[in-house]
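1. below is the sequence, then the predicted model.
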Number of protein chains: 2
Amino acid sequence: MPLKGTMFIGAERRPGSGPAITSYDPRTGAPLEPAYGTGTDEDVADACERAASAAVAYRSTSPGERAAFLERIAERIEDLGDELVDRAVAESGLPRGRIGGERDRTTAQLRLFADEVRAGEWADTRIDQALPDRRPAPRPDLRQRHLAVGPVAVFGASNFPLAFSVAGGDTASALAAGCPVVVKGHSAHLGTSELVGSAVADAVRDSGLPEGVFSLLFAAGNEVGQALVADPRIRAVGFTGSQAGGLALQRTAAARAVPIPVYAEMSSVNPVFLLPGALRERAAGLAEGFAGSLTLGAGQFCTNPGLIVAVDGPELTEFLATAVRVLAATTGQTMLTEGIHAAYERSTAGLLATEGVRELCAGLPGEGENAGVARLFSVAADVFLGRPELQDEAFGAASTVVICRDPEQLREVAAALRGQLTATVHHGEGDREVAAALLPLLEDRAGRILFDGWPTGVEVTHAMVHGGPYPATSDGRTTSVGTLAIRRFLRPVCYQNVPAELLPPEVSDENAYGLPRRVDGARR
Amino acid sequence: MPLKGTMFIGAERRPGSGPAITSYDPRTGAPLEPAYGTGTDEDVADACERAASAAVAYRSTSPGERAAFLERIAERIEDLGDELVDRAVAESGLPRGRIGGERDRTTAQLRLFADEVRAGEWADTRIDQALPDRRPAPRPDLRQRHLAVGPVAVFGASNFPLAFSVAGGDTASALAAGCPVVVKGHSAHLGTSELVGSAVADAVRDSGLPEGVFSLLFAAGNEVGQALVADPRIRAVGFTGSQAGGLALQRTAAARAVPIPVYAEMSSVNPVFLLPGALRERAAGLAEGFAGSLTLGAGQFCTNPGLIVAVDGPELTEFLATAVRVLAATTGQTMLTEGIHAAYERSTAGLLATEGVRELCAGLPGEGENAGVARLFSVAADVFLGRPELQDEAFGAASTVVICRDPEQLREVAAALRGQLTATVHHGEGDREVAAALLPLLEDRAGRILFDGWPTGVEVTHAMVHGGPYPATSDGRTTSVGTLAIRRFLRPVCYQNVPAELLPPEVSDENAYGLPRRVDGARR
């Protein structure tokens, strides 16, 4: 299918009339055809109007209809075949195997949400039966369900051109909830976005849904995204990206006549605690595992291990020696965009310029202009505790080792941490007490706590939490990966004495959709 | 038990060193003994520090322990006997029967949350089993639960001295979730607050819990409340009151280094749609029901029917004639405070001064300075649609009838409404089509939709939603009444490959608390 260089305003393929932009091959810096005209305020308004017009019809579809739609999107994405993989590789500089895997993750995610929609837990349906004889007054019939909030704005992320993009986790969970979606595609992946956008638009048509269920806009700057979040028809926002970007959207959302929730996944350094017993048992192995996790995908993961915390001693010295040896032999990989590479260079230069921070090693330079060189730093915990800026994320393959005096200082570092997506503990013989003392601190500071592994690699399942306290995300009560993500786009509604013929099927006596429900508090 | 005029900083009864205040009997304007010294920044910091110190121990209690604690609070409140009822009557001017009923509602609410804590649905526990043989990589063991967010600030409401106050719904749901609570008591109910505060503090001690689980502060102005919301140890806020008050707290919460959620229930005019068939069948009966709902408790309910929407015609004329006759014969009841009465007078004077608004009747003046006279206004829908300020709440027994040309204009009015706590439809023969067209509009605009009843009277059950889109509340994804309210004070945490001996009991294989759980997505 030849790329047409268009956006999707509902079913309409519309070439944007705003300033034209192109994607670039980050390995070569060469622009990639075609050029894409970008959206205007009018395009934003059109997409939002179609989404609003589709909202009631779409949220009124049965769980089975929405599930089949999500599955159809997955099939349509698979139908794109190699063309999608080729384009995503060209636009991201990521290896072909990784993109293929990400494509499979994206379609599996759509199918998981299809299963979850059918399972119906998301509706949290509750019926409190009428008590006509209650004194002093009868109790009415009360029924509760969770209902789609309305049109959702989704922002494609730079680092997952498929899994956190046009048909990624935010879109899948919003569509699963019954919300139309207006996507602002990432400007680094215009062709990938158009291809996936065509798959979604085709699935909308295949499924006989109103066209406004899905739109895709492109933008030359931040204005289109800001206008989208400001549009009164948008009811919630999903975003993965920088802290500055997330907070800017949140300010816009809060300043609306009717403020709306912004689910922004923003920044995390994903602390890893190497406990003394673990270092005694396997310092070299830990260092190899760490180097692999740090440099995977040029370090461009939200869950990249950017902070190592350990107690000083010969075992830590062994860990560092191995890490330095492995990382120094690592060739830099092409980063996603020129801008991301430049930001990485700035962040790591800033770290190096900080008093008390030492550079332990740098990897080998990679090919091309945008290769990110792996870097390892160290700092004493006393210095770290006095410099909050050392907790800032350096997006890329850089990590800082915080060297503690004793296990008590390890706990002090944990207590000083900002909100994180993940926190990791490596433990061994004799570490149980220290680990048990760390656990409640980490529960308060991270969405996911993992032991004896590495934080990169986020499973898409029911129990996953890819979220965490501010500033990891703007809303620590949720997750952007896993089936719980659907809850972000729902709100409860109660029906009191609503006549049977007017009750939505989700809360009717017949329970035509077979949703799980609680009746007078008991699960039926 | 003689009142001591103290706050509770944990277990410590502390006389506030800030400016002394008293409650007043609103029927006479007479001050009520004793005087209460108010809190200082130091008191706020002390209460928050004790709450933070208690947070991990308290959230680590078993569901059974927390449930027993909630039940103990209910018993301790009952033990206060007539003293509590007498004091609450004196401080609120509300009838004795109403206060007795509210006390029973408060203790029943605590017991309902005790049952809900034991039932364990709130934990939303999920286990995705490890798949060690999965290719290309094994799947780790993943476990998710919802965990208490930490110390919660609760603001007592003016209009429910017991049920939305020191041990009201916000406190009960926060304690049920496992969060310590710091209450800012309402200055109109100082003695009532001290009595209930002593019951809670006694229950903390009886239950062997850390003293920081509960504190109670009093304040002369807004500074103490603002300092409380700004304190970094506070993790969420529950508030019921004015829109100005709720938004001020939200601004403070958003400006923190780590912003926190504010659950503010702020304002609602609770539109009631009288459909043509209902008016044909029972105009006079509807008018009587309306007048009763409007004047109940001097109209001082969040769910007071402040807006009636109906199509013009002889049946509406009959409804209005009866409503005017009943309301004109209604004697004004004492309002909660001098300030609330003055605000009611200002709001109704503002309505009357609005071009196009007619006063249909005013009730009889009541005894004392602070009696609120019932007032009924009318306005043409054409005027209403052009004047958003006519949707402002006039807290008290005032209501405006919006007179529509035809059923289509009824829908236009519905579509123009702001977010509401409730929306009511009275329907009769031939109204099904109009009602079906209204329903999706009301679903988008209200937390609770009720048919053929009146919105006052909020059941405390599983299916209740006492919430709604902005500006009814600051967060339309939740409720402040009913068991779903517990979710406001929880966040999800995922445990990946955490060793069995370190796993919290809530997600352990043994499931010692017998919590309901989903294993690989299926309910077990």
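-> It's in.
2. got the buried residues for stretch A:231-242?
-> A:231, A:233-242 (16 or more other CB atoms under 10 Å in any protein chain shown). (C-beta placed from N, C-alpha, C; glycine too.)
3. farthest-separated two in the residues you listed?
-> The two members of the buried residues of stretch A:231-242 with the most space between them (CB to CB) are A:R233 and A:S242, at 26.0 Å.
4. and the stretch 101-250 of chain A, which residues reach chain B?
-> The stretch 101-250 of chain A has residues A:115-116, A:119, A:121, A:124, A:126-128, A:137, A:139-140, A:142-144, A:147, A:149-150 near chain B, with proximity defined as CB under 8 Å from any CB of the partner chain.
5. of those, grab the buried ones for PyMOL.
-> Under the burial definition 16+ other CB under 10 Å, those of these that qualify are selected in PyMOL by:
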select buried, chain A and resi 116+119+121+124+126+127+128+140+142+143+144+147+149+150
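6. and A:A167, what does it touch?
-> Listed by CB atoms under 8 Å, 6 or more residues apart in numbering or on different chains, the contact partners of A:A167 are A:73, A:77, A:106, A:110, A:196, A:199-200.
7. quick check: it vs A:L217, distance?
-> A:A167 sits 15 Å away from A:L217 when distances are taken as CB to CB, to the nearest Å.
8. now do whichever strand or helix holds A:G285: which elements does it pack against?
-> According to DSSP states H and E, A:G285 maps onto helix A:276-295. Contact analysis of helix A:276-295 by 3 or more CB pairs under 8 Å, 6 or more residues apart in numbering or on different chains; DSSP states H and E lists strand A:307-311, helix A:314-328, strand A:420-426 as its packing neighbours.
9. ranking these by burial, who's on top?
-> Per residue and on average, the most neighbours among the helices and strands packed on helix A:276-295 fall to strand A:420-426, with a mean of 28 (mean count of other CB atoms under 10 Å in any protein chain shown).
10. any idea how far whichever helix or strand comes after it is from the middle of the chain?
-> Secondary structure here is assigned by DSSP H and E; on that basis, the next helix or strand after strand A:420-426 toward the C-terminus is helix A:432-445. Averaging C-alpha coordinates over helix A:432-445 and over its chain gives two centres that are 25 Å apart (CA atoms, centre = their mean, to the nearest Å).
11. which elements pack onto the helix or strand just after helix A:432-445?
-> Secondary structure here is assigned by DSSP H and E; on that basis, the next helix or strand after helix A:432-445 toward the C-terminus is strand A:446-451. The helices and strands touching strand A:446-451, judged by 3+ CB pairs under 8 Å, 6+ apart, are strand A:420-426, helix A:432-445, strand B:490-496.
12. ok, which of these comes nearest B:E369?
-> strand B:490-496 (45.0 Å).
13. paired strands for that closest one, with orientation please.
-> When pairing is defined by DSSP bridges, strand B:490-496 lines up against strand A:446-451 (parallel), strand B:142-148 (antiparallel).
14. with mean pLDDT and distance to B:V402 added, can I get the ones you listed in JSON lines?
-> Output for the strands paired with strand B:490-496, formatted as JSON lines (pLDDT from 0 to 100; distance: least, CB to CB, whole Å):
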{"stretch": "strand A:446-451", "mean pLDDT": "98", "distance to B:V402": "47"}
{"stretch": "strand B:142-148", "mean pLDDT": "98", "distance to B:V402": "42"}
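15. right, so of those, which gets closest to B:R523?
-> With CB to CB as the criterion, B:R523 lies closest to strand B:142-148 of the strands paired with strand B:490-496, at 14.2 Å.
16. could I get the average pLDDT for the helix or strand following the closest one?
-> Later in the chain than strand B:142-148, the nearest helix or strand by DSSP H and E is strand B:152-155. In this model, strand B:152-155 has an average pLDDT of 98.
17. other SSEs contacting strand B:152-155?
-> With contacts defined as 3+ CB pairs under 8 Å, 6+ apart, the secondary structure elements packing on strand B:152-155 are helix B:169-177, strand B:181-184, helix B:223-230, strand B:236-240.
18. do that again at 10 Å, thanks
-> For strand B:152-155, the elements it packs on are helix B:41-59, helix B:169-177, strand B:181-184, strand B:214-217, helix B:223-230, strand B:236-240, helix B:243-255, strand B:262-265, judged by 3 or more CB pairs under 10 Å, 6 or more residues apart in numbering or on different chains; DSSP states H and E.
19. now the ones you listed as TSV including distance to chain A?
-> TSV is the format used below for the helices and strands packed on strand B:152-155 (distance: least, CB to the nearest CB, whole Å):
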stretch	distance to chain A
helix B:41-59	5
helix B:169-177	12
strand B:181-184	17
strand B:214-217	20
helix B:223-230	15
strand B:236-240	9
helix B:243-255	6
strand B:262-265	11
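20. same list (the ones you listed) but as CSV, adding distance to B:P26.
-> Formatted as CSV, the entries for the helices and strands packed on strand B:152-155 read as follows, by distance: least, CB to CB, whole Å:
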stretch, distance to B:P26
helix B:41-59, 27
helix B:169-177, 23
strand B:181-184, 20
strand B:214-217, 22
helix B:223-230, 22
strand B:236-240, 19
helix B:243-255, 19
strand B:262-265, 22
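21. in a markdown table: these, plus distance to B:I9 and mean pLDDT.
-> Compiled in a markdown table, these are given as follows (distance: least, CB to CB, whole Å; pLDDT from 0 to 100):
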| stretch | distance to B:I9 | mean pLDDT |
| --- | --- | --- |
| helix B:41-59 | 5 | 98 |
| helix B:169-177 | 16 | 98 |
| strand B:181-184 | 9 | 98 |
| strand B:214-217 | 5 | 98 |
| helix B:223-230 | 12 | 97 |
| strand B:236-240 | 19 | 97 |
| helix B:243-255 | 21 | 96 |
| strand B:262-265 | 23 | 97 |
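22. phi, psi of A:T400?
-> Summarising the backbone geometry of A:T400 under the convention degrees, to the nearest 10, its torsions are phi -120, psi 130.
23. count the residues that sit near it.
-> Using other CB atoms under 10 Å in any protein chain shown, the number of residues around A:T400 comes to 25.
24. wait, isn't it in contact with A:E389?
-> No - counting by CB atoms under 10 Å, A:T400 sits too far from A:E389 to count as a contact (11.3 Å).
25. quick check: neighbours shared by the two?
-> Contact criterion CB atoms under 10 Å, 6 or more residues apart in numbering or on different chains; residues shared by A:T400 and A:E389: A:351, A:354.
26. for the helix or strand hosting A:A203, the distance to its chain's centre please.
-> Element membership of A:A203 [criterion: DSSP H and E] is helix A:190-206. Mean C-alpha position of helix A:190-206 versus that of the full chain (CA atoms, centre = their mean) differs by 20 Å.
27. what comes up buried for it?
-> By neighbour count, and taking 16+ other CB under 10 Å as the criterion, the buried residues in helix A:190-206 are A:190-204.
28. what's the answer for stretch A:247-262, then?
-> The neighbour-count criterion (16+ other CB under 10 Å) identifies A:247-250, A:252-253, A:259-262 as the buried residues of stretch A:247-262.
29. ditto for stretch A:429-446
-> By neighbour count, and taking 16+ other CB under 10 Å as the criterion, the buried residues in stretch A:429-446 are A:431, A:434-435, A:438-446.
30. so what pLDDT did the residue in the stretch 251-400 of chain A that chain B sits nearest to get?
-> For the stretch 251-400 of chain A and chain B, the shortest gap (CB to the nearest CB) falls at A:V258, measuring 5.0 Å. Predicted confidence (pLDDT) at A:V258: the value is 97.
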